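Trainee: Need coordinates for the below:
(one chain, ligands or ions: 2)
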Amino acid sequence: MIKEGKVYLELSLPSVVSSQMEVFYNPQMRENRDMSLLLLLSLPFERLKVCDPMGASGVRLIRMLLETQKVERAIYNDINHRAVDFFKELVERHGLRDKVEVYQEDACVLLRKLRNLHYVDIDPFGSPVPFLESGILPLARHGVLAVTATDTSVLSGTYPSTCLRRYGSRPLLSAEFYHEVGLRILIKKVVEEGAKSDFSLKPLFSYSYRHYFRVFFQKDVGPKRADLLLESIGFILYCDRCLYREGVSLEGLRTSCPHCHNRLLLSGPLWLGELWDRELVESMWRWKDGLEVSENTLRILRRIREEAGLQTTGFYTISALGKALRIGQPPPMERFLEVFEGVRTHFTGEGFRTPLDHSEVLRRSHELLQRA
Ligand SMILES: C[S@@+](CC[C@H](N)C(=O)[O-])C[C@H]1O[C@@H](n2cnc3c(N)ncnc32)[C@H](O)[C@@H]1O
Ligand SMILES: [Zn+2]
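Mentor: Ligands and ions are numbered 1, 2, ... in the order given. Below is the predicted model of the structure:
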């Protein structure tokens, strides 16, 4: 018996979790599920209708039912009949038959038949792109779309042509914040998918952890709102010599680094707006006390709480600064945070965000590293 939150699962885990498992359950996605519970608890709706259209073991929905007490109706679906049978048994064991609906269909086909959902969770193997449009349509106004992408290497620049084909954007592998770029490309894709049907899908909470990216979006309705969000889509210019970076609109594009005159690299189009709604982050932080969440969930949330207060485009890392300035043994992170008035980022342990502009960062880096 495996226990996650208040759910008991009768499963034997293979030594390597893979999509080949008869019924998919990944204990490493626990944080992903913890976060979705915290999000649901923070939503203003009192009685929720939620759908996990690629439910696998179904642990996510059962946890939502048992641990939030806000879910009135949980719609489960999976194309794999073994997963469906497993879920049905789980429902019986936890006495939840009255609250669930179970389907075995292609996720897109089912989603097209549903309406007025408060929460839809797109959690496939690999890219979420094929499921986005169908996931957005059945959401009620102010409902939330949760998106997981495990094709992070595509989004982050290991396979640029696949990224262009799948997401319509150029990634930026050479930047120290390449994961953030990938996350921003994913957000752009979802915003565009909504906009084409006159919906706004505003990112509320985003993070990168282990092998996946995760973003929660809130849906609203109307062309004006959709247009407004599209204004936050642009490009990132980056200098791989002096680390200069800048978020720009189409009009602001330029080719040479204003700092060292090196040729700039271009990435995008991507989302340049905020990655976190601060009120939501605070609310999720408060709800954690009433839930059984993992230590890692707390760690990510703690970092994001700080990070949400300083939402810059991109961040610096100790090693990239050390390399750009040719310094072997840089001082510890605390010193960087002090000197750059910075905050840590959840993206990497050696990264920090700073409110200072790039020339000031370089000036203070020289001083700091020469003294080190
Ligand atoms: C990553 S798992 C989902 C994990 C689950 N959401 C959780 O939190 O534990 C992906 C699941 O999607 C199912 N699946 C794959 N393609 C599908 C499709 N087109 N429609 C419905 N289910 C699909 C697979 O059988 C698998 O169980
Ligand atoms: Zn430069």
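Trainee: Could you use CA atoms for every contact and neighbour count after this?
Mentor: Fine.
Trainee: Domain boundaries for this structure, per the record?
Mentor: Per the record, the chain has its domains at 2-307, 316-371, by automatic domain parsing.
Trainee: and those as TSV, adding distance to ligand 1, mean pLDDT and mean neighbour count?
Mentor: Listed next are the domains of the chain as TSV, based on distance: least, C-alpha to the nearest ligand atom, whole Å; pLDDT from 0 to 100; neighbours: other C-alpha atoms under 10 Å:
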stretch	distance to ligand 1	mean pLDDT	mean neighbour count
domain 2-307	3	97	19
domain 316-371	22	92	16
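Trainee: longest helix anywhere in the chain?
Mentor: helix 178-195 (DSSP state H).
Trainee: and the stretch 101-250 of the chain, which of its residues are near ligand 2?
Mentor: 239, 242 (C-alpha under 5 Å from the ion).
Trainee: can you map out the helices along the protein?
Mentor: Under DSSP H, the chain gives helices at 30-42, 59-68, 81-93, 107-111, 132-136, 152-156, 160-167, 178-195, 223-230, 278-287, 295-307, 318-324, 333-339, 358-371.
Trainee: Minimum distance to residue 348: which of the ones you listed has it?
Mentor: The minimum distance between residue 348 and these falls on helix 178-195, with 9.3 Å, by C-alpha to C-alpha.
Trainee: contact partners of the closest one?
Mentor: Here helix 178-195 makes contact (C-alpha atoms under 8 Å, 6 or more residues apart in numbering) with 132-133, 136, 152, 155-157, 167-169, 171-172, 200-203, 206-208, 213, 215, 223, 226-227, 229-230, 233, 268-272, 314, 347.
Trainee: next one: stretch 155-170
Mentor: Under C-alpha under 8 Å, 6+ apart, the answer for stretch 155-170 is 129, 153-154, 171-173, 178-179, 181-183, 185-186, 189, 266-270.
Trainee: again, 7 Å this time
Mentor: 153-154, 171-173, 178-179, 181-182, 185, 189, 267-269 (C-alpha atoms under 7 Å, 6 or more residues apart in numbering).
Trainee: same question, stretch 269-282
Mentor: By C-alpha under 7 Å, 6+ apart, the list of residues contacting stretch 269-282 from outside reads 42, 169, 184-185, 187-188, 203-206, 232-235, 247, 305, 308, 311, 313.
Trainee: How about stretch 7-15?
Mentor: 1, 2, 3, 59, 62, 63.
Trainee: In contact with the last one: list those residues for me.
Mentor: Pointing back at residue 63 there. Contacts of residue 63 by C-alpha under 7 Å, 6+ apart are 5, 6, 7.
Trainee: Which of these fall in strands?
Mentor: When the contacts of residue 63 are checked against strands (DSSP state E), the matches are residue 7.
Trainee: which among the contacts of residue 63 gets closest to residue 105?
Mentor: Proximity of those to residue 105 (C-alpha to C-alpha) peaks at residue 7, which lies at 24.8 Å.
Trainee: which residues does residue 52 bridge with?
Mentor: Bridge pairing for residue 52 (DSSP bridges) gives the partners residue 76.
Trainee: quick one: it from ligand 2, how far?
Mentor: Relative to ligand 2, residue 52 is positioned 46 Å away (C-alpha to the ion, to the nearest Å).
Trainee: same thing with residue 103?
Mentor: Distance of residue 103 to ligand 2, given as C-alpha to the ion: 55 Å.
Trainee: leaving aside the residues next to it on the chain, what's closest to that residue?
Mentor: Using C-alpha to C-alpha, 6 or more residues apart in numbering and skipping the chain neighbours, the partner closest in space to residue 103 is residue 77 (4.6 Å).
Trainee: Contacts only, for residue 39.
Mentor: So residue 39 contacts residue 284 (C-alpha under 7 Å, 6+ apart).
Trainee: Spatially nearest residue to the most centrally placed residue in the chain, not counting backbone neighbours?
Mentor: Geometric centre of the chain, nearest residue: residue 214, 2.4 Å, by C-alpha atoms, centre = their mean. Nearest residue to residue 214 in three dimensions, chain neighbours excluded: residue 148, at 4.5 Å (C-alpha to C-alpha, 6+ apart).
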